[in-house]
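> Return atomic coordinates for the entry below.
(one chain, ligands or ions: 1)
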Amino acid sequence: MNLSIQIAPKHQNGLILANPVMTASGTFGYGTEENHIFDIQKLGAIVCKGTTLEPRDGNPQPRIVETASGMLNSIGWENIGVEALIREKAPVWAGWQVPVIVNIAGESVDDYAKMAGQLEGVAGISALEVNISCPNVKAGGAEFGADPDSAAEVTSAVRNATSLPMLVKLTPNTANIAGVAMAVAEAGADALTLINTLKGMAIDINKRRPMLGNITGGLSGPAIKPVALYAVYEVAGAVDIPIIGCGGITTASDALEFIMAGASAIQVGTASFPNPRAPLDILEGIEQFLGKEGIEDINELIGIART
Ligand SMILES: Cc1cc2nc3c(=O)[nH]c(=O)nc-3n(C[C@H](O)[C@H](O)[C@H](O)COP(=O)(O)O)c2cc1C
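I've put the predicted structure just below:
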């Protein structure tokens, strides 16, 4: 049975994953934490925490609220910064068989380009994932990914600064995700990850105050799965580069829905909190489905639900 997939076919070196199951940024740390209850080398790829130029403490507490069928988070890119990542994490990753993809976040186009430049040639890093759900400080805090032009500007800047395969992670907080996807593909992305969290909030009626210290946060988990699945379906019809599906994937059946909608691979995020084995359970479930259905190659299922 073949589970391997190519997620950067247009890149000079390509990026072949042993299977389509990856971890979603911000939900699996750096993969180096010693609390894993399964062998993470079995996964297709690890996507690390969102990384910024400088170390960040993140947003005020509370930063997590449970909601019906999901959660709101406003972590705010708490991370060790790109220099410490290169010094402390990359050397560990360099000894791994599972590829590590570094998720980068910035407040200006320059931030993204600088980070991509610093990460160039660092052993242990297989690709970059550019998070364009970040507020563009120069544009009054609108997300870079809300608009095709600013999304393409970030993509081109990173493309010019890196020779690594580049995934661009789209935000659902836009009226025109297919337009953004096309602009980003045109600007040199090798693959697209979709989706990031949806903007939301919750209020404590006793305190008469928003529950999150940051007032708003990002909604993730099963609540967003239908939105994410539709985004994948729509974007898969608009671009010819691979799509990595993400959003509420909790079971193998969820993952297979995304693959049938047109995703070449998937990421598991919030599902890892209640079930730390979720990525491996999902991988094993996909294998079982292929075995049961007599399918020899996962690639046969990509986009099969499209007419
Ligand atoms: C606690 C938490 C932290 C996250 N941090 C990041 C991040 O740093 N960068 C990023 O691109 N996405 C981040 N995300 C978004 C996830 O990677 C994913 O796109 C989103 O949660 C939807 O997938 P899910 O429903 O499977 O969690 C974060 C999500 C959560 C829940």
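
> Any chance you could give me the host helix or strand of Gln267 in CSV, C-alpha atoms only?
Taking DSSP states H and E as the definition, one finds Gln267 inside strand 265-268. The C-alpha trace of strand 265-268 is given here as CSV (Å, rounded to 0.1, in the frame of the first residue of the first chain):
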residue,chain,number,x,y,z
ALA,A,265,-2.4,15.8,3.1
ILE,A,266,-4.0,16.9,6.3
GLN,A,267,-3.1,18.5,9.7
VAL,A,268,-4.4,17.5,13.1
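
> outside of that strand, which residues touch it?
Applying Cβ atoms under 8 Å, 6 or more residues apart in numbering, the contact partners of strand 265-268 are 5, 7, 17, 20-25, 27, 44-45, 47, 193, 242, 244-246, 249-250, 255, 258-259, 278-279, 282. All C-beta atoms are positioned from the backbone trio N, CA, C, and that covers glycine.

> In three-state terms, label the residue in the chain that the ligand sits nearest to for me.
With Cβ to the nearest ligand atom as the measure, Gly26 is the residue of the chain nearest to the ligand, at 1.9 Å. Secondary structure for Gly26, judged by DSSP: H, G, I helix; E, B strand; the rest coil, is coil.

> can you tell me which residues contact it?
Counting by Cβ under 8 Å, 6+ apart, Gly26 makes contact with 49-50, 73, 75, 103, 269.

> Please name the nearest non-neighbouring residue to Ala223.
Gly70 (3.5 Å; Cβ to Cβ, 6 or more residues apart in numbering).

> Dig out what the one you found forms beta bridges with.
Under the criterion DSSP bridges, Gly70 forms beta bridges with Thr67.

> Next: Ile101.
Here Ile101, judged by DSSP bridges, has bridge partners Val47, Ala127.

> pretty sure it contacts Cys48?
Yes - using Cβ atoms under 8 Å, Ile101 is in contact with Cys48, at 7.2 Å.

> The ligand contacts on the stretch 151-300 of the chain?
169, 196-197, 220-221, 224, 246-249, 268-271 (Cβ under 6 Å from any ligand atom).

> so which of these is the most crowded?
Neighbours here mean other Cβ atoms under 10 Å. Within those, the largest count is held by Gly247, at 33 neighbours.

> How about the contacts made by Ser272?
Contact analysis of Ser272 by Cβ under 8 Å, 6+ apart lists 23, 27-28, 278-279.

> of all those, which comes closest to Asp204?
Set against Asp204, the nearest of these by Cβ to Cβ is Thr27 (24.9 Å).

> and the closest residue to the closest one other than its chain neighbours, what pLDDT?
Of all residues not flanking Thr27 in the chain, Gly269 sits nearest, at 4.2 Å (Cβ to Cβ, 6+ apart). With respect to pLDDT, Gly269 scores 98.

> Brilliant, that's me finished.
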